[in-house]
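Colleague: Sequence and predicted structure below; questions after.
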Amino acid sequence: MTKDLEKFAKKNGVKYFMISFTDLFGGQRAKLVPAQAIADMQEEGAGFAGFATYLDMTPAFPDMLAVPDPESVIQLPWKPEVAWVAGNCVIENEFVKQAPRNVLINQIEKAEAKGLRIKTGIEAEFFLLNPEGTELSDEYDTASKPCYDQQSVMRRYDVIAEICDYMLQLGWGPYQNDHEDANGQFEMNFEFDDALKTADKHSFFKFMTKSIAEKHGMRATFMPKPVEGLTGNGCHAHISVWDKSGKINAFADDNGELGLSDKGYNFLGGIMKHATAMTAITNPTVNSYKRINAPRTTSGATWAPNTVTWTGNNRTHMVRVPGPGRFELRLPDGATNPYLLQAVIIAAGMHGLDSNAQPGKRYDIDMYAEGYKVKGAPKLPLNLLDALRTFDKDKALKEALGMEFSDAFLKLKNEEWSNFCSHFSAWEKENTLDI
């Protein structure tokens, strides 16, 4: 593992480091630091005004320092003279408790204290648009069922192959790339890893995908629902829990239903119990609720849940168990914060373990066609305000994530909702002008 960034720079010909952190809204913030100064930065951190980003701070706060984690360093494959490195936010020698990467590290440490190691993989979907973001980049991508479309994926071969080549170069183990269920939409899969490594990769993947798209004269977006009537951008999370060594799946049971142990069901039970509150983090924007509560799309399905249900290998539910010792959470969308996504999964699951939570009844029906048959299962929030209110009521989840983080998140997200409500839309005039 990399320990000394100055040596890393000399060995790899790096001229600059991007010391990066992610704020509460998922915005990636960075300073470009010359390699000659990185030794001091590794010890002291790069200085930021936290108020200038989406963190709950004022201009009176002391400097916030992003201290680079050398184990996260990634040399930019498309610009090798630059290396990206994730920073942990610190103020006056104390970790900033609301900073998303710190929130995740705290959750990982809690799991480790119980001898558990959380491993996850993510499926980050994105659209390729024109530079203005107003149209799809491919005028010929018009099929009503475009998923896995051979011609469409090959028309965007230069972008997809370049990104995949870089993931191969980085050792991420990419294993498949495809055109997804919406016109102009793609998904690229890479191997699962420890939760912090997955979060760093997720963060870097978004940065890399946007950068390569721009290089090719396009715009990549992970926006949950960028095109009305088309399938939205999900970010499905695959979750497994291992022993401390990371070699034995702690929740796998060959004799258990669907290959999950009792503890596995407790962890799943925690996610089911806190799902409606988790939505504020897994689906954190106004636009998110155009995806999880969407009407039928042109392809025939939204591929997004609207009810808190779980199943076996069935993609119409919020959680599916596709194989022994793991499950897939299909709730998150492309706007989710890479670090908070992992943190809230661990927090909810660990609370499920501590409280012996049960996931409730398993349903194997087609939820899109027969969802009306399910009685009593909670519905997901209809909008961001409902999600924030539900999160605010979930005391156990807020405390598990840390009250400093939870209070800051709720404050800034409620301000965002108020800002949205003050916006006048074309719909209002079209439906109210003549009343």
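Modeller: Yes, it's here. Residues are numbered from 1 along each chain as shown.
Colleague: From here on, just use CA atoms for contacts and neighbour counts.
Modeller: OK.
Colleague: Which parts of the protein are helices?
Modeller: 5-12, 38-44, 100-113, 150-155, 157-170, 195-215, 262-282, 338-354, 367-370, 384-393, 395-401, 403-421, 426-432 (DSSP state H).
Colleague: weakest of those helices in terms of mean pLDDT?
Modeller: Ranked by mean pLDDT, the helices of the chain bottom out at helix 367-370, which scores a mean of 90.
Colleague: mind listing what residue 408 touches?
Modeller: When contacts are counted by CA atoms under 8 Å, 6 or more residues apart in numbering, residue 408 touches 55, 56, 98.
Colleague: let's see 7 Å
Modeller: By CA atoms under 7 Å, 6 or more residues apart in numbering, the contact list for residue 408 reads 56, 98.
Colleague: Over to residue 173?
Modeller: Contacts for residue 173 (CA under 7 Å, 6+ apart) come out as 167, 190, 191.
Colleague: Of all the helices of the chain, which one comes closest to residue 67?
Modeller: Each of those was scored for nearness to residue 67 using CA to CA, and the closest is helix 38-44 (6.1 Å).
Colleague: Residue 225 is in contact with residue 126, correct?
Modeller: No - Residue 126 is beyond contact range of residue 225, at 10.0 Å (criterion: CA atoms under 7 Å).
Colleague: and for these two, which residues touch both?
Modeller: Common neighbours of residue 126 and residue 225, using CA under 7 Å, 6+ apart, are residue 233.
Colleague: which of the two has more neighbours?
Modeller: The neighbour comparison of residue 126 against residue 225 (other CA atoms under 10 Å) goes to residue 126, with 29 against 24.
Colleague: Spatially, what comes nearest to the more buried one if we skip its sequence neighbours?
Modeller: residue 222 (4.7 Å; CA to CA, 6 or more residues apart in numbering).
Colleague: now residue 305
Modeller: Leaving aside its sequence neighbours, residue 305 sits nearest to residue 318 (CA to CA, 6+ apart; 5.2 Å).
Colleague: what's the burial count for the one you found?
Modeller: 26.
Colleague: again with residue 142
Modeller: Neighbour number of residue 142 under other CA under 10 Å is 13.
Colleague: again with the one 4 residues further on
Modeller: For residue 146, the tally of surrounding residues (other CA under 10 Å) stands at 21.
Colleague: repeat for residue 433
Modeller: 8.
Colleague: how close does it sit to residue 426?
Modeller: According to CA to CA, to the nearest Å, residue 433 and residue 426 sit 10 Å apart.
Colleague: And residue 397, by the same measure?
Modeller: 38 Å.
Colleague: more neighbours, these two?
Modeller: It is residue 397, of residue 397 and residue 426, that has more neighbours when counted by other CA under 10 Å, with 22 against 7.
Colleague: That one: what's it in contact with?
Modeller: 347, 348.
Colleague: Return the distance of it relative to residue 430.
Modeller: On the measure of CA to CA, residue 397 and residue 430 end up 41 Å apart.
Colleague: Residue 388 now?
Modeller: As judged by CA to CA, residue 388 and residue 430 stand 29 Å apart.
Colleague: Comparing those two, which residue is more hemmed in?
Modeller: The neighbour comparison of residue 388 against residue 430 (other CA under 10 Å) goes to residue 388, with 24 against 9.
Colleague: and that one, what does it touch?
Modeller: Per CA under 7 Å, 6+ apart, neighbours of residue 388: 280, 410.
Colleague: try 6 Å this time
Modeller: Contact partners of residue 388, counting by CA atoms under 6 Å, 6 or more residues apart in numbering, are residue 280.
Colleague: ok, back up a step: so which of the helices of the chain comes closest to residue 23?
Modeller: Closest among those, using CA to CA: helix 100-113, at 6.6 Å.
Colleague: That closest one to helix 403-421, inter-axis angle?
Modeller: Inter-element angle recorded for helix 100-113 and helix 403-421: 140 degrees (by axes from the mean of the first three to the mean of the last three CA atoms, to 10 degrees).
Colleague: Got the confidence number for residue 78?
Modeller: So residue 78 comes in at 98 (pLDDT).
Colleague: Return the residues in contact with residue 39.
Modeller: Taking CA under 6 Å, 6+ apart, one finds residue 6 in contact with residue 39.
Colleague: Swap in 7 Å and give it another go.
Modeller: 5, 6.
Colleague: gap between it and residue 7?
Modeller: As judged by CA to CA, residue 39 and residue 7 stand 9 Å apart.
Colleague: Repeat that for residue 64.
Modeller: Residue 64 sits 26 Å away from residue 7, taking CA to CA as the criterion.
Colleague: who's more crowded, those two?
Modeller: residue 64 (23 against 15).
Colleague: Kindly list the longest strand within the protein.
Modeller: Longest strand in the chain, counting residues (DSSP state E): strand 116-129.
Colleague: What are the contacting residues of that one?
Modeller: 111, 135-137, 184-189, 191-195, 198, 218-222, 233-244, 246, 334.
Colleague: Distance from that strand to the middle of the chain?
Modeller: 6 Å (CA atoms, centre = their mean, to the nearest Å).
Colleague: Restricting to C-alpha, output that strand in PDB.
Modeller: In PDB, the C-alpha atoms belonging to strand 116-129 read as follows (Å, rounded to 0.1, in the frame of the first residue of the first chain):
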ATOM      1  CA  LEU A 116     -17.100  -7.800  10.600                       C
ATOM      2  CA  ARG A 117     -15.900  -6.500   7.300                       C
ATOM      3  CA  ILE A 118     -18.500  -5.000   4.900                       C
ATOM      4  CA  LYS A 119     -17.800  -5.600   1.200                       C
ATOM      5  CA  THR A 120     -19.900  -3.900  -1.500                       C
ATOM      6  CA  GLY A 121     -20.100  -3.400  -5.300                       C
ATOM      7  CA  ILE A 122     -22.000  -0.700  -7.100                       C
ATOM      8  CA  GLU A 123     -23.700  -0.400 -10.500                       C
ATOM      9  CA  ALA A 124     -23.400   3.200 -11.500                       C
ATOM     10  CA  GLU A 125     -25.600   4.100 -14.500                       C
ATOM     11  CA  PHE A 126     -25.100   7.200 -16.500                       C
ATOM     12  CA  PHE A 127     -26.300   9.000 -19.700                       C
ATOM     13  CA  LEU A 128     -24.200  10.400 -22.500                       C
ATOM     14  CA  LEU A 129     -25.700  13.700 -23.600                       C
END
